[in-house]
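> Predicted structure and sequence below. I'll ask about it afterward.
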Amino acid sequence: MAFEVTPLPYEDTALAPAVSAETLSYHHGKHHKAYIDKTNTAIEGTDHADKSLIEVISAARGSDQGLFNNSAQSWNHGFYWHSMAADGGEPTDELKSMIDDSFGSVDELKSQLQERGAGHFASGWVWLAEKGGKLTIEETHDGDTLADKDGVNPLLVIDLWEHAYYLDHQNARPAYLKAVTENKLNWSFASENLTRGSTWSYNS
């Protein structure tokens, strides 16, 4: 089973000015595609060929760094595209209640996502996740992922690699984080992930 690049769930202009169509053309059309292509090449004709992407990630973790990096980055990017929207709406009552319990308010959660993302050293990802019935902000470095982590249900993610924001914001990662968290987080997607209670499945 060959994996495919997740189609953008919106027009390529939908996230501007936080994320421009030009950035999406490179980030989605080239970077994400490269990870998918390398994953497909690596699993072709192997025992991994019929596995889900999360199963490939889990099998490669700690044993095949190249396959792990490419498969995890493939999943992370698919999740990232869905974590944003032109109009992300509002959290459901259940999600908002959990946000209030863990962070005090939606605005405070946004501030903490911005702070954690800006303070993250080098490349990686900043996540909103559910663990043990509570919400938490998690960070993963480089190509690491929460996709196969037991007991963790990722709800949203923001890409911290430079190619996610350099064309639009140069090296000002805080400006990118503010633009995404203030206006483009897909609360509908986060609410669906919370209700689902299990990790989002990458659609091949």
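Yep, it's here. Residues are numbered from 1 along each chain as shown.
> What is the neighbour count of residue 173?
20 (other CB atoms under 10 Å). In short, each C-beta sits where N, CA and C put it, glycine included.
> Now it. Nearest residue, chain neighbours left out?
Nearest non-adjacent residue to residue 173, counting by CB to CB, 6 or more residues apart in numbering: residue 118, 5.7 Å away.
> Go through the helix or strand where that neighbour lies and flag the buried ones.
For residue 118, the enclosing helix or strand under DSSP states H and E is helix 106-119. Buried positions in helix 106-119, judged by neighbour count with 16 or more other CB atoms under 10 Å: 106, 109, 110, 111, 112, 113, 114, 116, 117, 118.
> do the same with stretch 166-176
166, 167, 168, 169, 173, 175, 176.
> Same question for stretch 122-138.
124, 125, 126, 127, 128, 129, 130, 135, 137, 138.
> and which of those is nearest to residue 155?
Of all these, the one with the least separation from residue 155 (CB to CB) is residue 128, at 4.7 Å.
> who are the neighbours in contact with the closest one?
109, 113, 135, 136, 137, 154, 155, 156, 157, 190 (CB atoms under 8 Å, 6 or more residues apart in numbering).
> Next: residue 179.
17, 18, 19, 169.
> Going through the residues you listed, which ones are buried?
18, 19, 169.
> which one among those gets closest to residue 180?
Among these, and counting by CB to CB, the member closest to residue 180 is residue 18, at 5.1 Å.
> For the closest one, which three-state class applies?
coil (DSSP: H, G, I helix; E, B strand; the rest coil).
> Does it touch residue 176 like I think?
Yes: the pair residue 18 and residue 176 qualifies as a contact (CB atoms under 8 Å) at a distance of 7.1 Å.
> so can I have CSV of the buried residues of helix 106-119 showing pLDDT and distance to residue 76?
Shown next, in CSV, are the buried residues of helix 106-119 (pLDDT from 0 to 100; distance: CB to CB, whole Å):
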residue, pLDDT, distance to residue 76
106, 97, 24
109, 98, 20
110, 98, 21
111, 98, 23
112, 98, 20
113, 98, 16
114, 98, 19
116, 98, 16
117, 98, 14
118, 97, 19
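> for this protein, what are the low-confidence residue spans?
Across the chain, the ranges flagged by pLDDT under 70 are 1, 203-204.
> just to revisit the earlier point, residue contacts, the residue nearest to residue 173?
173, 174, 177 are the contacts of residue 118 under CB under 8 Å, 6+ apart.
> does the second one really touch residue 114, like I thought?
Yes: in this structure residue 174 lies within contact range of residue 114 using CB under 8 Å: 6.6 Å.
> now the helices for this structure?
21-26, 33-43, 53-60, 65-82, 93-103, 106-119, 166-169, 173-183, 187-196 (DSSP state H).
> In CSV: those helices, plus distance to residue 5.
Shown next, in CSV, are the helices of the chain (distance: least, CB to CB, whole Å):
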stretch, distance to residue 5
helix 21-26, 12
helix 33-43, 5
helix 53-60, 12
helix 65-82, 8
helix 93-103, 28
helix 106-119, 24
helix 166-169, 19
helix 173-183, 21
helix 187-196, 18
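> Alright, calling it a day.
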